[in-house]
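Colleague: Output the structure for:
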Amino acid sequence: MTEQPVFLNNDVVAPLLSYDDLIPRLEEVLGKFSRSDSSDVVQPVRSVIPIQNHSGFLGMMPAYIAHEDTLCMKMVAFYRREESLNLPSTQATVLLFNPEYGNVTVAMDGTDITHKRTAAVSAISAKLLMPAQSDVLCILGCGHQASSHYEIFTQLFSFKEVRVWSRRLETAERFAAGVPGPVKVFSSAKEAVHGADIIVTVTNSSEPVLFGEWVKPGAHVAAVGACRPDWRELDDVLMRDAVIYVDSRDGAAVESGDIILSGAEVFAELGEVLNGTRPALRNKTTVFKSLGMGIQDAVAAKLVFDKWKSSQ
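Modeller: Numbering: from 1, shown residues only. Okay, the predicted model is just below:
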């Protein structure tokens, strides 16, 4: 006899998901994913269907982590929105299943999971790849992902200066007013990027917003937007000159316009660096192209559900 599934809304999920708990679990599962001899982690490339009438897409992201017996599916709808519409660009729901019987045990709002696990993986990339002396953080884009990236990057690292840019100046100013620390707002992406040690791109752009000629040699770029094969955030010069790291080679080969359209060669998966099978080239200009993975959602959702159960 199976129990009825429970539903956890984002107000319940968010307080249960901390970066301190999440980061080591993400590092572990990324490493397992990138081991060629490992069958412990099963994750196909995300399946995406267009929502033609509304300029959107629905992505389905299943994952199974055998050693934890965690079976998960995230469904994420993402849209090309005009900022003036004041609508969310993503909506996500995460399901955890009983792997033995196949029934859903919990459905949860995936908003906080998506924001935090994405930012946490970007921070892992920075921990591995950023210059030893990193004083200036620059964030291009000022939506929800900018907020989660600001939170974790300023929590883990110490910067002398944090800069932000958005296509609409008022959006950047509103972002700066809503975060706890001092932030410099720039009206020009080029000026914001100049001299930055770490650059995070979290835009909804389909054309490059970051150009290689702007980027300080040896800087680290965490590129989070442009999750479709015909979308770009980074130009050919940057993709050609930087050392490219990804979360999943297979995912990048079919989903990342920055990689596909530039013809850039992927140097390593982040998990390979964590495993010690590929080097972290801190002395080079590096790009981590993040697309997001079902195993990241599975780890985060299990963490939330286990904490919730222990509190009942």
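Colleague: count of residues packed around the nearest residue to Leu169 once chain neighbours are set aside?
Modeller: Spatially, and ignoring its direct neighbours in sequence, Leu169 is nearest to Ser187 (5.4 Å; C-beta to C-beta, 6 or more residues apart in numbering). To be clear about C-beta, it is placed using only N, CA and C from the backbone, and glycine gets the same treatment. Around Ser187 there are 12 other residues, counting by other C-beta atoms under 10 Å.
Colleague: Gln133 now?
Modeller: Gln133 has 7 neighbours, counted by other C-beta under 10 Å.
Colleague: Which secondary structure state does it sit in?
Modeller: The three-state label given to Gln133 by DSSP: H, G, I helix; E, B strand; the rest coil is coil.
Colleague: which residues touch it?
Modeller: Asp197 (C-beta atoms under 8 Å, 6 or more residues apart in numbering).
Colleague: any idea how far it is from Asp297?
Modeller: 34 Å (C-beta to C-beta, to the nearest Å).
Colleague: swap in Val94?
Modeller: From Val94 to Asp297 the distance is 6 Å (C-beta to C-beta).
Colleague: residues bridging contact with these two, i.e. touching both?
Modeller: With C-beta under 8 Å, 6+ apart, Val94 and Asp297 have common neighbours 72, 74, 110, 113.
Colleague: What strand or helix carries the nearest residue to the third one once chain neighbours are set aside?
Modeller: So that's Gly110. Leaving aside its chain neighbours, Gly110 sits nearest to Ala92 (3.0 Å; criterion: C-beta to C-beta, 6+ apart). Assigning secondary structure by DSSP states H and E places Ala92 in strand 90-97.
Colleague: What of Met60?
Modeller: Going by DSSP H and E, Met60 is part of strand 56-65.
Colleague: list the buried ones in that strand?
Modeller: 56-57, 59, 61-65 (16 or more other C-beta atoms under 10 Å).
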